[in-house]
Structures are given as structure tokens and as C-alpha cells.
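from the sequence below, what's the structure:
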Amino acid sequence: MSDTSPQPNVGTDDEKNRIRRVISIRGLTGAANDVKWGCLLDAIRQRDGWRPSYRYKCVDGPPSNWDTEWWHHLPFPMMSVEWFDICYFQEIRRGALIDQDVVNNSDWILKTLHDASFCFDVVGDVIRIHGYLPKSFDELDANPELENHK
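Residues are numbered from 1 along each chain as shown. This is a model prediction of the structure:
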């Protein structure tokens, strides 16, 4: 990762201890770590031209909105992430009156996740990365951006 981009483990000790308490109270077991998150962030950030949409749910909050900014909008520290969704379709607009092209980017994203040994599932048009177990499949039907692909 570049020295100017946030690292997966940024956060104060108090913040991390609060997150650990929530994890303990909820009885969650870790399925990801800073090394895995770092591999994913590096792969996405180094990709030219297109970054996938993502959203996440932290262990102590509601799901985020969908976003495509992969440097500063992420939930740092990443140890707070209960699940992280990635939409692997890329829509390419060719003009106002011409249908858009849709590119399936699942191959390189799945390879990145497999190489980093993430626990993940592909559900419809979304890849869900599990930061903690037991797995949660909440909110997987709540992406109106994906309706065109179903």
C-alpha cells in the first residue's frame, strides 16, 4: 500500500478495544485480518480504470450505502467489518441512445479473495466477504443497482 493511503489497521487503541468488546459480546469469531484486507485493498487500488462498488456492515452499526471510493471511505480499522459486499459487474456507457455494455469482473476479484484466503460467498451479483463468523447474509437483496443484471 502507498504511504499516503489509510492502512487497514488505523484507529486508536480505545476504538479497537471497543470493537473487541462488541465482538466478544456478540460471540463472533474472526474470519479476516489486516493482512487479508491489505491484499484486497492493494489489488483494487492498483487496478486501472475501474473500481467495483462496495458496501459493508460493521459489527456495531447498520449497513453502509454503496460506494466506489477505495481510499478514504472504507471503515477503518477494518477489524470492525462484519461483512463486505462487492458488486463485480462494470457498466460501460456507450451513449445516451445505445445500450450499455456489462463486464463481469468476477474472475480477478475471486482470484484476489482466494489468494488472500478470505471466507466469502457469491450470492447473485454480489461477492460477500465475511469478516466474522457466523456468516451473515442480511441485506443481500437491498442493491437496486443490481436489478438490471438479475
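
the closest residue to residue 50 other than its chain neighbours pairs with what?
Nearest in space to residue 50, with sequence neighbours left out and distances taken as Cβ to Cβ, 6 or more residues apart in numbering, is residue 90 at 5.1 Å. For the C-beta atoms, the positions are set from N, CA and C on the backbone; glycine is no exception. Counting by DSSP bridges, residue 90 is bridged to residue 103.

the residue of the chain most remote from its centre and residue 39, how far apart?
For the chain, the largest distance from the centre (Cα atoms, centre = their mean) belongs to residue 97, which lies 32.6 Å off. Distance of residue 97 to residue 39, computed by Cβ to Cβ, to the nearest Å: 41 Å.

tell me where this structure has helices.
Under the criterion DSSP state H, the chain contains helices at 13-26, 34-45, 106-115.

which of those has the highest mean neighbour count?
Comparing those by mean neighbour count (mean count of other Cβ atoms under 10 Å), helix 34-45 ranks first with a mean of 17.

give me the mean pLDDT for that helix.
Averaged across helix 34-45, the pLDDT comes to 96.

compute the inter-axis angle for it and helix 106-115.
Interaxial angle of helix 34-45 relative to helix 106-115 (axes from the mean of the first three to the mean of the last three Cα atoms, to 10 degrees): 160 degrees.

and helix 34-45, what does it pack onto?
Here helix 34-45 touches helix 106-115, going by 3 or more Cβ pairs under 8 Å, 6 or more residues apart in numbering; DSSP states H and E.

what's the helix it packs on packed up against?
Short answer (3+ Cβ pairs under 8 Å, 6+ apart): helix 106-115 packs on helix 34-45, strand 120-123, strand 126-130.

and the helix or strand of the chain with the lowest mean pLDDT, what's buried?
When each helix and strand of the chain is scored by mean pLDDT, DSSP states H and E, strand 89-92 comes last, with a mean of 81. Neighbour-count burial for strand 89-92 flags 89, 90 (criterion: 16 or more other Cβ atoms under 10 Å).
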